[in-house]
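>>> Below is the sequence, then the predicted model.
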Amino acid sequence: MSILVSKSTRVITQGITGNSGLFHSQQCRAYAAECQPGVDVFVGGVTPGKGGTTVDGFPVFNSVREAQEKTGANTSMVFVPPPFCADAILEAADAGMELIVVITEGIPVMDMLRVKRGMAGSKSRLIGPNCPGVITPGIAKIGIMPGYIHKPGTIGIISKSGTLTYEAAWQLGRVELGQSTAVGIGGDPINGTNYIELLEMFQNDPGTEGILVIGEIGGSAEQLAAEYIKSYVTKPVAGFIAGQTAPPGKRMGHAGAIISGGGGGAAEKMAALRAAGVIVSDSPGGMGDAMKKAMQKA
Amino acid sequence: MKIHEYQAKQLFKAAGVPVPQGIVVKSAEEAAAAFTTLGGPIAVVKSQIHAGGRGKGTFKEHPAQRGVVLVKSAAEAAENAARMLGSTLVTIQTGDDGKQVNTLFVEQGLKIARELYLGIVVDREVGGPVLIMSSEGGMDIEEVAKHSPEKIVAEPFDAVAGLYPYQARKMAYALGFDAVGVRNAEKFLPQICKFFVAYDCSMVEINPLILTEDSQLLALDGKVTFDDNALFRHKDVVALRDLSEEDPAEVRAADTGLSYVKLNGNIGCLVNGAGLAMSTMDLIKLHGGEPANFLDVGGGANEDQVTEAFRIILADKNVKAVLVNIFGGIMKCDIIVSALLNAYEKVGFNVPLVVRLEGTNVEIAREMLKASGRDIISATDLTDAAQKVVKSLGA
């Protein structure tokens, strides 16, 4: 079992005719073909104005609705450039995509606020933006993570960061822990799905036995996650927070990674998680060990 | 991106947000003329630097001179301006080096009845912008929040619909405005909220916002930070950028498409991905070292960008060792190594270099490193890398 990505997942790529859109669609298709031989998981793409053409075997459609009708896709992976990305997300939601995974980095905050408002009441689930995507090892990956570092298993990963998630998956591999699903929620201040919703999904997923939460400085999503864990999560949880040495007021790469007004620092987030019974690693080199420790303790 | 007070006020004014009359000057003569034009009897001469705390700040060259002064004559305006222009203002936010003042803003003096605080930010948990006000004008909002939170009123508003008049009245009544003040707040507050959204701001701060004796609301200060991701649709804002207010290495990195933040340590870091870059800094510190910078080459950097990244790191004289930590996803390890070897040729490394690689094309990359015959210390994992780079400093 897993969350978000299963054997019934069928994906189209919005922005498939762009360089990274095409490259990653090919990578995702290859990974899915290895996991589910003979099944087409990545079924096409959308670029307005280029409908009717094909790129490397992917049929291209003018609109998400058309792509959905012709391919039966239920999921969209979005690579549309920042100025047009909010519109693309809303189009995907309007076409009834169950899952919308937005990889694009650099969407203006105001655009994301409009997206959140536009999606209020919608049945679509938004992951990202500015995230590596979602992978259920052995089934499919929707995003830009290298497939081979993720092994099938029972740990759910929730992370704000891309490469740090790869690092975590790799460390889990070294202590022989695979993943049920790994989800990148993105490093932007306003995003779709947050820790709490994913914690709930992993808690309810019979295929997940432990959860690794990877956070970073900025905002208070990790503190809210800690409160939720304390009250509702019975599975073992390990964690790590990046940015213990970040100076206040400086944006550390991610738009959301900034300590401001005396809030959002790493120490308070780590303390909140520890108070909720989470095994928190001080070192980014110790994420795998922390998870193993949490599993043994349970 | 940040702008100066006088620039913020020009944008406020154009957006229908009331500001005092003011004139930008760059010389003592202009300061005197500005005083005369504004008509007296008093005016305020204000240093224009991005850092806050200007009123309490003093100049290195003239320790008795404050960064913001009240003047009563054209001559006094000129005397103060002469001391301020070209001198270095040190405030609690500039650090010990201070900041050279090249521009002054001369503003009309007003009969102030009350000083208030106004701020607008995007609240991540609310998922939208929030207007924050307090009766403690001139005070740091963080301080007020800590010591007298009951003096703060906050009102989330819809980014699309803006702040409704009833919300403005709610704030005004809570702050004890009189009838005229409430009517003015009904105009002022929705207007500044509209400005926040229209200009893609990440923060607007007016501290103090003043209520004059005749209950007019005016922005006596203006601090605006823009969302860098939205600058593509605000060419007028980009034109206001003052590069002399920014760190040259950070500007150079941004121009190359890299994320770089200078820090005070001596171990240079080159990492892909913001989260991993932050973690690498943390790791160095955990093992007794001090990072010299945060540098994220991003997911799709090419060889030229990576070479430039090495140049920026090595240009920092404090750097005594370099740690490269790459977990290749989109970024292929062999691209990093080929840039690294290129930098070795072109830039020259005279400090120890520790490299930790994992991910896409790692085998090819490791072979390339070995074949180059360069004096590069390779590390197997994060902890190993941090230990080796800290140790290399002692060697």
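Everything's here; your move. Predicted model only: the values in this text are computed from it and were never measured. Numbering: from 1, shown residues only, chains lettered A, B, ... in the order given.

>>> How about the residue in the stretch 1-150 of chain B positioned nearest to chain A, nearest residue that isn't a chain neighbour?
Scanning the stretch 1-150 of chain B for proximity to chain A using CB to the nearest CB identifies B:Arg124 as nearest, at 4.3 Å. Using the backbone N, CA and C atoms, a C-beta is placed for each residue, glycine as well. Closest residue to B:Arg124 apart from its sequence neighbours, by CB to CB, 6 or more residues apart in numbering or on different chains: A:Gly219 at 4.3 Å.

>>> so the one you found, which of the three states?
Here A:Gly219 is recorded as coil under DSSP: H, G, I helix; E, B strand; the rest coil.

>>> In contact with it, which residues?
Listed by CB atoms under 8 Å, 6 or more residues apart in numbering or on different chains, the contact set of A:Gly219 reads A:Pro189, A:Gly256, A:Gly264, B:Arg124, B:Glu125.

>>> Which members of these are classed as buried?
By neighbour count, with 16 or more other CB atoms under 10 Å in any protein chain shown, those hold A:Pro189, A:Gly256, A:Gly264, B:Arg124 as buried.

>>> and which of these is nearest A:Pro137?
Ranking the buried ones among the contacts of A:Gly219 by separation from A:Pro137, with CB to CB as the measure, puts A:Gly256 on top at 26.9 Å.

>>> picking up where we left off before, read off the pLDDT value for the residue nearest to B:Arg124.
What the model reports as pLDDT for A:Gly219 is 86.

>>> May I see the contacts of A:Gly219 organised as JSON lines, with pLDDT added?
JSON lines is the format used below for the contacts of A:Gly219 (pLDDT from 0 to 100):
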{"residue": "A:Pro189", "pLDDT": "89"}
{"residue": "A:Gly256", "pLDDT": "71"}
{"residue": "A:Gly264", "pLDDT": "81"}
{"residue": "B:Arg124", "pLDDT": "85"}
{"residue": "B:Glu125", "pLDDT": "81"}
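
>>> Max pairwise distance over those: which two?
Longest distance between any two of the contacts of A:Gly219 is 12.4 Å, between A:Gly256 and B:Glu125; criterion CB to CB.

>>> now the helices: where do they sit in the stretch 1-150 of chain A?
When secondary structure is read from DSSP state H, counting those that start in this stretch, the stretch 1-150 of chain A shows helices at A:19-35, A:64-71, A:82-94, A:109-118.

>>> Kindly reformat those as a markdown table and extend each row with distance to chain B.
Formatted as a markdown table, the helices of the stretch 1-150 of chain A follow (distance: least, CB to the nearest CB, whole Å):
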| stretch | distance to chain B |
| --- | --- |
| helix A:19-35 | 7 |
| helix A:64-71 | 23 |
| helix A:82-94 | 6 |
| helix A:109-118 | 4 |
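
>>> mind putting these in CSV, mean neighbour count included?
Listed next are the helices of the stretch 1-150 of chain A as CSV, based on neighbours: other CB atoms under 10 Å in any protein chain shown:
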stretch, mean neighbour count
helix A:19-35, 19
helix A:64-71, 19
helix A:82-94, 21
helix A:109-118, 22
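
>>> who's in contact with whichever residue of the stretch 201-350 of chain B sits closest to chain A?
As assessed by CB to the nearest CB, chain A sits closest to B:Gly275 within the stretch 201-350 of chain B, at 2.2 Å. Neighbour list for B:Gly275: A:159-165, A:187, A:214, A:216, A:242, A:253-254 [criterion: CB under 8 Å, 6+ apart].

>>> do that again at 6 Å, thanks
A:Ser161, A:Leu164, A:Glu216, A:Ala242 (CB atoms under 6 Å, 6 or more residues apart in numbering or on different chains).

>>> Give me every residue in the stretch 1-150 of chain B that's in contact range of chain A.
B:Val122, B:Arg124, B:Gly127, B:Gly128, B:Glu142 (CB under 6 Å from any CB of the partner chain).

>>> looking at the residues you listed, which has the most residues close by?
B:Val122 (22 neighbours; other CB atoms under 10 Å in any protein chain shown).

>>> Quick check: buried residues in the strand or helix carrying it?
Per DSSP states H and E: B:Val122 is located in strand B:112-123. Across strand B:112-123, burial judged by 16+ other CB under 10 Å covers B:Arg114, B:Glu115, B:Leu116, B:Tyr117, B:Leu118, B:Gly119, B:Ile120, B:Val121, B:Val122, B:Asp123.

>>> Output the lowest mean pLDDT helix or strand found in chain B.
Lowest by mean pLDDT, DSSP states H and E among the helices and strands of chain B is helix B:141-147, with a mean of 80.

>>> Tell me the helix or strand right after it.
Next helix or strand after helix B:141-147 toward the C-terminus (DSSP H and E): strand B:152-156.

>>> Show me what the next helix or strand after that next one is packed up against.
Next in sequence after strand B:152-156, counting helices and strands by DSSP H and E, comes helix B:165-174. Using 3 or more CB pairs under 6 Å, 6 or more residues apart in numbering or on different chains; DSSP states H and E as the contact test, the elements touching helix B:165-174 are strand B:152-156, helix B:179-198.

>>> and the last one, which residues are buried?
Meaning helix B:179-198. B:181-182, B:184-186, B:188-197.

>>> And for the shortest one?
When neighbours are counted by 16+ other CB under 10 Å, the buried residues of strand B:152-156 are found to be B:Ile152, B:Val153, B:Glu155.

>>> quick one: it near chain A?
No - against chain A, strand B:152-156 shows no contacts by CB under 6 Å from any CB, the least distance being 11.2 Å.

>>> Pairing partners for that strand, with directions?
According to DSSP bridges, strand B:152-156 forms sheet pairs with strand B:128-134 (antiparallel).

>>> Name the surrounding residues that touch the strand it pairs with.
A:113, B:117-120, B:122-123, B:144, B:151-157, B:159, B:171, B:193.

>>> what about the chain, any weak spots by pLDDT?
In the absence of a named chain, this looks at chain A. A:255, A:259-262 (pLDDT under 70).

>>> my bad, the chain I had in mind was chain B
B:299-300, B:330, B:395.

>>> Helices along the stretch 201-350 of chain B, start to end?
B:235-238, B:248-256, B:274-286, B:303-315, B:333-346.
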